[in-house]
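K.L.:
Structure, please.
(2 chains)
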Amino acid sequence: MKKKKLLGNFKGFLTLALVAILLTSSFVFKSNANALTSAYLYLSRMKVNITGAGADTLEYVLAFSTSQTIPTGGTVTLTFPDDDDGFWCKTAGALTVTGVTSSSSDLAGTNWAIDAALPAATTLTASCTKGSGAGSADKITISSVGAISTSTTYGVKLANGTTAGVLGTDDTAGNHNVTIEVRNGTVSDSSTFGIRLIADDRVVISATVSATPSVTCSLSTNTVNLGSLYPGGAFTTGQHTISTTTSDTAGGYYWAVYGTGNGTDAGLYKSSATTYLIPSTGSTTVDLRGVGTEGFGMTASDPDAASSATVSANFSDGTLGVFGALDPGVSGAKLLLSQQGAQTSAESSTITYGAKAGASAQTGSYQETVTFICGGYY
Amino acid sequence: MQIFYIRKLPIVVLPLFLITFFGILSPLKVFAQEDVSIGMSPTYQNLKLQPGSKYTGELVTWNLSQESAKYKILVKGFKQIENTPGTAVLLSDEEEQKALYSAASWITVNRDTIELVPNKNEKILYEINVPQNATKGEYHAMISLISENYAKSPDSATFTNVSSGMPILIKIGDNFVESAELISFKTTKNIYEKPSVSFTTIINNTGDTHISPTGEIVLTNIFNKEIARIKFNANSQSLLRDNTGNYTTQWTDKLITENKQLAIGPIKAELIVTYRELQPGFAPLIAQTSFYIIPWKWILLFAIVIVLIVVLVRVKKHKKRLNSHK
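P.N.:
Next up is the predicted model:
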């Protein structure tokens, strides 16, 4: 009985002791480690296997805010996955560290926007160390960090050192967990989050300037109003321009024209009753200078005077009142203007239409559709 | 009751009037004056295909005007414009029916019309299917775009369309006959005041394929010294089979030419042209012409100066004689 009682007392004592230990231990190992309020790590490249050499270099921008004040003289540590040894810290040594007040990854108005550059207790220093085997990972440590206050997001940029430390990325695409810890003694905030690497982070945009010849042809308008024609009166005119550009590989350009008229002859046509045609007759030119003449035609000005563009003789604007005659339909197309040799800047010619109604012309509205054909030589 | 109708009438008529008024006006706004523009590349295509073969290609077009424009796409045979080598205009429907070497029926394009918005490239894809029974020869067709003009005008007016196309020359088979004859080689005038001379050469293509004649014109002066060597058909304008082409060559220089020779008096011009792809040296086209360069203004000025000097000398002598008599 006594033995049983003793055992019972011992059990009660043990229970009390365990409860006491549990309660007291929570005070002895009281942790000041919290999670960071916010953090982001921006990598200038997210491609796998960045070597850090030559043009294949990498920069980090770390932004974080803590949930508690971290006293001055602390450190900021970035710890990479244990399996990635030697990839994030390609060459161990001192890194270039700079406090930054903004980065391209800032999300304005949130905790993920840098408010202030990471302060220095004296001067910020940073170094990276390579992990080796299990339990030892690549690590970047920023030292001599000034006092960190809550509600402020601090920014710091890390880059290759001038002599030794070289940053890189792991050789495997996908998610890689990084732990960021801000610590001074027992006071620390930390968070772990994933950063993603991809096989290739650059899109190569390529374009080839074609060597094949090209030509661009423009008309300044699709309608030219000729105003009122007075039967037996003087001729009226209307104008627009045509312009041409070719690639320097083109052998030249040409323009040809044809009219529509009444389908049989080109000219200004009144299609409503009583129909009437002010014709563009004559195989070469239409002379509207004489009394009692009637007709329709057009001229083109020389785009470059002394240079290589040539207006066909019939369409020359050399004589006021004399215009080139048009023929109807595509089969009646006549050469208007041509140039041997490329024209790399736009060159314009003024087209002038001349029309005169004879005394017997019917009253009404007359219209003609002129089609300009343009192309490069083959 | 009558009063009611009269009062209500404006309420009924007004909307009708407005609808009619704006209904009439709105088309006028839509069909306003617009600039039109079309560009394309390539400007031509030379192909060598076999019977039964298929070829696919693309024609890139663009519009550099400020307005979108609708173009109709036509595929037809083509011909030269007024004996100008290297130019092309679609055949009319009648001409197309008679054309022995039109390849229009071999070509299909992926659309009949195209809306070209400003400053954007658009591709027209085409496919050429050469019939199995196609006989040896050179066939032609052109993929052409022509603007559609919806403009209206209540007045007398001229409406304009623009059209541009890509001629395609398709050779079927081998061993083509390249043959040509020189019809004429001459200058536009016999006498020029200065070395600004235009040569017109007319060549007739009598072979069964197009040719691109090339060569030079050599000019020599009265002392038989070469004063210039001008390239003939520098831009390789092609001449279609069964066609005649007028080639214009311009020569511009100074009276003392670039190679320090005197370009005055009678000038001899010798043309030598080759046109064959194989053995181009065989059967060249050769011709000769001559013209004069007489800088009559300079000659007149020179003569006046001489006469003045002579007159002055004589006057002086006469005065001297008079003085000695005194």
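
K.L.:
Run a quick neighbour tally on the closest residue in space to residue A:257 that isn't next to it in sequence.
P.N.:
Spatial nearest neighbour of residue A:257, chain neighbours left out: residue A:336 (4.9 Å); criterion: CB to CB, 6 or more residues apart in numbering or on different chains. For the C-beta atoms, the positions are set from N, CA and C on the backbone; glycine is no exception. Applying other CB atoms under 10 Å in any protein chain shown, we find 26 residues neighbouring residue A:336.

K.L.:
Within the helices and strands, which one has residue A:336?
P.N.:
strand A:334-340 (DSSP states H and E).

K.L.:
Which helix or strand lies directly C-terminal to that strand?
P.N.:
In N-to-C order, the element after strand A:334-340 by DSSP H and E is strand A:347-356.

K.L.:
name the helices or strands packed onto the helix or strand following that following strand?
P.N.:
Per DSSP H and E, the first helix or strand lying C-terminal to strand A:347-356 is strand A:367-376. Helices and strands touching strand A:367-376, by 3 or more CB pairs under 8 Å, 6 or more residues apart in numbering or on different chains; DSSP states H and E, are strand A:215-219, strand A:236-246, strand A:252-258, strand A:267-270, strand B:84-90, strand B:156-172.

K.L.:
want to throw those into a markdown table with mean neighbour count and distance to residue B:129?
P.N.:
Shown next, in a markdown table, are the helices and strands packed on strand A:367-376 (neighbours: other CB atoms under 10 Å in any protein chain shown; distance: least, CB to CB, whole Å):
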| stretch | mean neighbour count | distance to residue B:129 |
| --- | --- | --- |
| strand A:215-219 | 24 | 28 |
| strand A:236-246 | 20 | 31 |
| strand A:252-258 | 27 | 30 |
| strand A:267-270 | 24 | 41 |
| strand B:84-90 | 28 | 21 |
| strand B:156-172 | 24 | 11 |
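
K.L.:
shouldn't residue A:143 be in contact with residue A:120?
P.N.:
No - using CB atoms under 8 Å as the test, residue A:143 is too far from residue A:120 to be in contact (9.5 Å).

K.L.:
Show me the shaky parts of the chain.
P.N.:
Assuming you mean chain A. By pLDDT under 70, the low-scoring segments of chain A are A:1-14, A:16-31, A:283, A:306.

K.L.:
oops, I was thinking of chain B
P.N.:
B:1-32, B:326.

K.L.:
Work out which residue lies at the spatial centre of it.
P.N.:
residue B:87 (5.6 Å; CA atoms, centre = their mean).

K.L.:
Test my guess that it contacts residue A:253.
P.N.:
No - look at residue B:87 against residue A:253 with CB under 8 Å: they stay out of range, at 9.8 Å.

K.L.:
Which neighbours do these two have in common?
P.N.:
Common contact partners of residue B:87 and residue A:253 (CB atoms under 8 Å, 6 or more residues apart in numbering or on different chains): A:338, A:375, A:377.

K.L.:
So the second one versus residue A:195, what's the distance?
P.N.:
Think residue A:375. Noted for residue A:375: a distance of 58 Å to residue A:195, by CB to CB, to the nearest Å.

K.L.:
how many other residues sit next to residue 285?
P.N.:
With no chain named, the answer covers chain A. Neighbours of residue A:285 (other CB under 10 Å): 19.

K.L.:
not quite, I wanted chain B
P.N.:
19.

K.L.:
Tell me who's in contact with it.
P.N.:
Residue B:285 sits next to B:180-182, B:203, B:213, B:215, B:271-275 when contact means CB under 8 Å, 6+ apart.

K.L.:
again, 7 Å this time
P.N.:
With contact taken as CB atoms under 7 Å, 6 or more residues apart in numbering or on different chains, residue B:285 is in contact with B:180, B:182, B:203, B:273.

K.L.:
Next up, the contacts around the closest residue to residue A:105 other than its chain neighbours.
P.N.:
Excluding its sequence neighbours, the residue lying closest to residue A:105 (CB to CB, 6+ apart) is residue A:42, at 4.2 Å. Applying CB under 7 Å, 6+ apart to residue A:42 gives the contacts A:60-61, A:103, A:105.

K.L.:
any idea which element residue A:42 lies in?
P.N.:
strand A:38-43.

K.L.:
What of residue A:126?
P.N.:
strand A:120-129.

K.L.:
quick one: which of the contacts of residue A:42 is nearest chain B?
P.N.:
Nearest to chain B among those is residue A:105, at 34.7 Å by CB to the nearest CB.

K.L.:
quick one: secondary structure of residue A:307?
P.N.:
The three-state assignment at residue A:307 reads coil, by DSSP: H, G, I helix; E, B strand; the rest coil.

K.L.:
Can you give the distance from the helix or strand harbouring residue A:286 to the centre of its chain?
P.N.:
Secondary structure from DSSP H and E places residue A:286 in strand A:285-287. Its chain's C-alpha centre and that of strand A:285-287 lie 55 Å apart, by CA atoms, centre = their mean, to the nearest Å.

K.L.:
helices or strands up against that strand?
P.N.:
Strand A:285-287 is packed against strand A:295-300, strand A:322-324, with contacts defined by 3 or more CB pairs under 7 Å, 6 or more residues apart in numbering or on different chains; DSSP states H and E.

K.L.:
Strand partners (parallel or antiparallel) of that strand?
P.N.:
According to DSSP bridges, strand A:285-287 forms sheet pairs with strand A:322-324 (antiparallel).

K.L.:
And the contacts of the strand it pairs with?
P.N.:
Contacts of strand A:322-324 (CB under 7 Å, 6+ apart): A:285-288, A:297-299, A:314-315, A:354.

K.L.:
domain parsing for the chain?
P.N.:
All of this refers to chain A. A:32-197, A:215-376 (automatic domain parsing).

K.L.:
Chain B is the one I meant
P.N.:
B:39-172, B:180-294.
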